[in-house]
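Asker: Need coordinates for the following:
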Amino acid sequence: MAYPPKPNLEHDQGKIEALIRSYPFAHLFTSKDGAHDVTRLPFVLDIEGGKLVRLRAHMNAQNPQASVIDGADILVAFSGPDSYVSPNWRMEANHGATWDYTAVHVWGRATRRSERTFFAQLITDLAQNAEQRFEGVSERGAWTFSDAPEGYVDCLLPRLVSFEVEIERVEAISKLHQDFPREDAARVAEHLEKSGHFQSQSIAGLIKDRLRNDQ
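Answerer: Numbering: from 1, shown residues only. Model (predicted):
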């Protein structure tokens with residue numbers, strides 16, 4: 001049996017890109033000499049020629065992963081919205097409870113980058129993506145890298161390790177009740193909408209989008 005099940009594999013690059021950009025705070029996994037480490041970091045996604053080609057990020061230089069990141073084969077796991085699903089929300093409660101979710105897993109080779117220009121562009125891109133999502137929260141305009149004092153950047157750079165990941169493989173999962181009748185999926189979406197939980201409501205919207213597209 002193939003896993004993840006084929007119905008749950010997401011091949012729409014637009015949806016994959018959207019998840020990474022909307023949920024850029026991901027888990028970075030590395031492994032060396034039997035030791036496994038993980039850190040959560042925000043990532044920037046680069047697309048060239050219509051393809052997902054690169055991830056960029058930085059971490060604290062004191063992080064144990066910083067010493068092994070250069071040349072490492074890594075896994076970056078992005079998590080989209082998720083939600084518990086009760087059997088009581090289907091037409092008949094004849095199956096167990098489950099969890100619907102979306103995720104993107106990216107494998108690749110990491111390369112350390114120490115250039116100031118690389119760091120400046122990385123912070124610019126990270127800030128731009130985030131500042132757009134919080135537009136209007138502050139009376140000030142969007143923060144940019146140029147707003148950081150020169151001396152502060154010079155002091156910060158030695159304390160950080162910047163890197164890029166050349167993407168080798170991508171696996172995207174959208175588990176949205178594909179393996180149940182449409183009536184069950186629609187009822188699940190209705191219940192999730194009423195839950196009051198943001199992530200559950202997001203899953204409800206994704207299920208409804210899938211049902212519309214499958215018509």
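
Asker: Longest helix in this protein, by number of residues?
Answerer: helix 116-133 (DSSP state H).

Asker: Any buried residues in it, and which?
Answerer: By neighbour count on 16 or more other CB atoms under 10 Å, the buried set for helix 116-133 is 118-123, 125-127, 129. C-beta coordinates here come from the backbone N, C-alpha and C atoms, glycine included.

Asker: tell me the residue furthest from the middle of this structure?
Answerer: E92 (33.8 Å; CA atoms, centre = their mean).

Asker: what about that one, distance to A189?
Answerer: Distance of E92 to A189, computed by CB to CB, to the nearest Å: 17 Å.

Asker: Let's check: the centremost residue of the protein is which one?
Answerer: F78 (2.8 Å).

Asker: Please look at that one and L28 and confirm they touch.
Answerer: No - applying CB atoms under 8 Å as the test, F78 and L28 come out as separate, 10.6 Å apart.

Asker: Identify the contacts common to these two.
Answerer: The contact sets of F78 and L28 do not overlap (CB atoms under 8 Å, 6 or more residues apart in numbering).

Asker: just to revisit the earlier point, please give the element, helix or strand, for the residue nearest to the centre of the chain.
Answerer: strand 73-85 (DSSP states H and E).

Asker: List the neighbouring strands of that strand plus their orientation.
Answerer: Paired strands of strand 73-85, with direction, are strand 25-32 (antiparallel), strand 98-113 (antiparallel) (DSSP bridges).

Asker: Need the winner for burial among the ones you listed.
Answerer: Of all the strands paired with strand 73-85, strand 98-113 carries the top mean neighbour count, a mean of 19, counting by mean count of other CB atoms under 10 Å.

Asker: Extract the residue ranges of the protein that are flagged as low pLDDT.
Answerer: Low-confidence segments of the chain, defined by pLDDT under 70: 1.

Asker: where along it do the helices fall?
Answerer: Under DSSP H, the chain gives helices at 13-22, 116-133, 150-156, 182-193, 198-213.

Asker: And the residue nearest to D125 when sequence neighbours are not counted, how close does it get to L122?
Answerer: With CB to CB, 6 or more residues apart in numbering as the criterion, D125 has its nearest non-adjacent residue at 4.5 Å, and that residue is V44. V44 sits 6 Å away from L122, taking CB to CB as the criterion.
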